[in-house]
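Undergrad: I would like to see how this sequence folds:
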Amino acid sequence: MNITPEAWYSAAELAGLAGMPQTHSAVVRLAKREGWSSRSNAGRGGGLRYAITSLPAQTQRELRRQSALSAANTITSEAFAAGQSLARRSAIADIVDEKQRLRQVDAGAAKAAGLSGKSRDRMDAKLLLLMQLEQFAATHRMGICAAIDTFCAAYGTGELAVPAGIRDVIGADISAPTLRRWRRALRTQGAAALAGNYGNRAGSGTIESSPELLEFVVGMLVERPHINAKHVDRGLRARFGDSDTELPNLRTVQRFISSWKAKNAQAFLAIANPDAWKNRHMLAVGSADEGIDRLNQRWEFDSTPADVMLIDGRHTIIGVIDVWSRRALLYVAKVSSSAGVCQAIRRAILQWGVLETAKLDNGQDYVSHRVQRVFAALGVNVNLSAPFSPWQKPHIERFFHTFSHDVLELLPGFTGHNVAEAQALRASKSFAERLLTKNETVDINLTAAELQTFCDRWCRDIYATEPRHGLNGASVVERVAQWRGEVRRISDERALDLLLAEAPDGHGARSVTKKGLRVDGHYYAAPELGALVGERVQVMYDERDIGRIVVYHDDAFVCVAECPEILGVSRAEVAAIAKARQQEEIAAKRKALKGIARKANVQDIAYEILDAKQREANKVAMFPTPSVAHLTPAIEAARDAAQALDAVPATDAIGPTTLVHLEALRDVARADQAQDETAEDRFRRALTILMQADDPRSDIERAFLRRHIDSSEFKGRWSVFEDFGPSAFQLSDDYAVLLPDGAAFDRLRRARAQGENL
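TA: Predicted coordinates for the structure are as follows:
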């Protein structure tokens, strides 16, 4: 029984249900009394059938519960037998929530394939029940959490039909926590985890025998996939060093990490590099073009940043591919927007004809009201991909890969497919070139028009003429030539442009007033609008003339309304003039502001402030105060020493050291240090200062410490220092005293406090 909003039931089917009388005739009388929606029974026996929406709420709930049980019970022993194969277990795992599935791997796939006996029976039985649970929840229109309790109750009472032998393995009852634990194990460890750990030798290792140590080590590997054994060992000793827990040595930690990574290779790869896992291990059962048997049946759309830097900056390329023929088209746009997508649609339709179904990315540029309105107006079905699921539109993804790795790499201005390639390209420049050019960029020798020409020629002359694996060795040209069916085309290009035109405010809805239609501050009028005063209409811009708009009512064309004041100017001209005026205004303002700055001459304002303060200080006259000589034995001894020094003949004078000399020396030292010192060097210098007691620090060291320890640069590296210890910055283990559990950790707090008190 499949419950739908249009489900209909006979009186015999309703009799005895919750909220219903016990007899057929009583149900008929109740239906007449309450005026249930009914229709004649076209089947055997005649009579009436009643809509589920007319029934009492209690009866509707009972019908839905029965429907859910019926759907769950449709999983037969044949499906159970199919679940014994690894492919079926992978398919069952795919039922798991989509977002979790992105991080899930079938880590126990190899182990599951080799299971036998009771372990295999336990795994298969649990997999079947989990599949029934998913079917039960979907049919019952319930979330998994809400469905688990009802499902367990149905299993316990026997209402849930299961193949023979399942209850012998699982038992007569099953609890909700048990089902949740199975689902979690399937998501995180794979199907083999459902077999249990029966028969494994307990206490096989120090880490494995301690749940706390095992959880901690695995947690570190999951949180920081690239961590090494030395870091894990230090983490263990920092966390459990003061407890009675027996800790493994470094070699044991190394062996455990190697073994764990080998046993959980797919899971670990999914954590460390999700994209690599998708490319290597994600199941690709069946064919992505299954069911595609005609030209223009389905097009896939997507956008990607082009690997070419243009004269006006990095551009985006919007791609379209026809799945059946693999025919493809590229459109170069400044950004991927609804306007760019509409232009790509226009080019494809004019060249290929009208599509039947569009498979779109779920980005804002594709789900925009404008794009959806265009497809609706063209009668095109739209399917959106799930977020972060590029495999749902594999043909356009593969096409972009082919394009970016072909002769595109030979174009001037190519910047690399990824960070590593981009760094390699930058490194190929000489040291002198990189030294003389701060934040250097690759030479740019292409315009957007030149890149568009290249894309068109590549699609037509290279991609379309080479054999394609997905076409069984045929080329795109040959595949298109094989089509003998009809191709739907739009003969009026102007009509297509109007369909693709932008609508005011995105949706284009306007109310007709006595003055006409108000759009962007102007009134547009036409005689045909007189009969529609007070009505809501749809408005589209005319891209060729800003003084005209196209008006639709109930999806039917009404008229072209005009605004005489601005008639005869294209929207493109208006946009260009507006942009030029904006640039002129900004340039004028910048010039004026720079003139004000030059006139104000504020470059040396700091010294002017110091001079002003000095002048104010000189105006204050200090009255003389009485004084007496203060002498101590030490002072007297120092006086004697000074007199003795004065008696020594003077050597050739080098000249007095002035403040100018000191400032010049300071500037040279700072410039030299700033040039050579990296962020890690500054962090190590701060730690070296903290290793000293407070008193021996110089004023320069204290000033540096106050300025640096509250910076984001220091705080970020301090977090790494706390997690991984001194070795992360090539420091000796002596620096560990600065860690939170070290003897000198309080020095950082005192240094911060001294800075706050200044």
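
Undergrad: what about the closest residue to Glu478 other than its chain neighbours, how many residues close to it?
TA: Sequence neighbours aside, Leu471 is the residue nearest to Glu478 in space, at 7.8 Å (criterion: C-beta to C-beta, 6 or more residues apart in numbering). C-beta: built from backbone N, CA, C; applies to glycine. Counted with other C-beta atoms under 10 Å, the neighbours of Leu471 add up to 16.

Undergrad: residues touching Leu471, list them.
TA: 325-326, 478-479 (C-beta atoms under 8 Å, 6 or more residues apart in numbering).

Undergrad: Write the PyMOL selection for whichever of these are buried.
TA: Buried subset of those, written as a PyMOL selection, criterion 16 or more other C-beta atoms under 10 Å:
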select buried, resi 325+326+479
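
Undergrad: What is the nearest of the contacts of Leu471 to Thr678?
TA: Arg326 (49.9 Å; C-beta to C-beta).

Undergrad: what residues are up against that closest one?
TA: Going by C-beta under 8 Å, 6+ apart, Arg326 touches 395, 399, 468, 470-471, 476, 479.

Undergrad: Need those in a markdown table (columns: secondary structure, pLDDT and distance to Trp458).
TA: Shown next, in a markdown table, are the contacts of Arg326 (DSSP: H, G, I helix; E, B strand; the rest coil; pLDDT from 0 to 100; distance: C-beta to C-beta, whole Å):
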| residue | secondary structure | pLDDT | distance to Trp458 |
| --- | --- | --- | --- |
| His395 | helix | 86 | 17 |
| Phe399 | helix | 88 | 11 |
| Arg468 | coil | 86 | 14 |
| Gly470 | helix | 80 | 18 |
| Leu471 | helix | 85 | 18 |
| Val476 | helix | 91 | 12 |
| Arg479 | helix | 92 | 18 |
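
Undergrad: Now list the buried members of the residues you listed.
TA: Among the contacts of Arg326, those that count as buried by neighbour count (16+ other C-beta under 10 Å) are 395, 399, 468, 471, 476, 479.

Undergrad: Any figure for the gap between the fourth one and Trp324?
TA: Leu471 is 9 Å from Trp324, where distance means C-beta to C-beta, to the nearest Å.

Undergrad: any shared contact partners between the two?
TA: Contacts common to Leu471 and Trp324, judged by C-beta under 8 Å, 6+ apart, are Arg479.

Undergrad: thinking again about what came up before, show me which pair in the contacts of Leu471 is furthest apart.
TA: Farthest-apart pair in the contacts of Leu471 is Arg326 and Glu478; separation 10.7 Å (C-beta to C-beta).

Undergrad: where in the stretch 601-750 of the chain is pLDDT low?
TA: The stretch 601-750 of the chain contains residues with pLDDT under 70 at 601-676.

Undergrad: try it again with 80
TA: Residues of the stretch 601-750 of the chain that meet the criterion pLDDT under 80 lie in 601-677, 693-699, 723, 741-745, 749.

Undergrad: which other helices and strands contact the helix or strand hosting Val374?
TA: Secondary structure assignment for Val374, by DSSP states H and E: helix 369-378. Contacting helix 369-378 under the criterion 3 or more C-beta pairs under 8 Å, 6 or more residues apart in numbering; DSSP states H and E are the following elements: helix 338-352, strand 381-384, helix 493-500.

Undergrad: got the ones you listed as CSV, with mean neighbour count and distance to Met142 columns?
TA: Converted to CSV, those look like this (neighbours: other C-beta atoms under 10 Å; distance: least, C-beta to C-beta, whole Å):
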stretch, mean neighbour count, distance to Met142
helix 338-352, 19, 37
strand 381-384, 14, 25
helix 493-500, 15, 42
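
Undergrad: Out of those, flag the one nearest Gln22.
TA: Of the helices and strands packed on helix 369-378, nearest to Gln22 by C-beta to C-beta is strand 381-384, at 47.7 Å.

Undergrad: Packing partners of the closest one?
TA: On a contact count with 3+ C-beta pairs under 8 Å, 6+ apart, strand 381-384 meets strand 357-360, helix 369-378.

Undergrad: at 7 Å instead, please
TA: strand 357-360 (3 or more C-beta pairs under 7 Å, 6 or more residues apart in numbering; DSSP states H and E).

Undergrad: which outside residues touch the strand it packs on?
TA: Identification of contacts with strand 357-360 by C-beta atoms under 7 Å, 6 or more residues apart in numbering yields 297-301, 366, 375, 380-385, 393.

Undergrad: can you do 6 Å?
TA: 298-301, 366, 375, 380-384, 393 (C-beta atoms under 6 Å, 6 or more residues apart in numbering).

Undergrad: now, among those, which is nearest to Leu499?
TA: Of those, the one sitting nearest to Leu499 (C-beta to C-beta) turns out to be Phe375, at 9.9 Å.

Undergrad: Which residue is the nearest non-sequential neighbour of the closest one?
TA: Val382 (5.2 Å).
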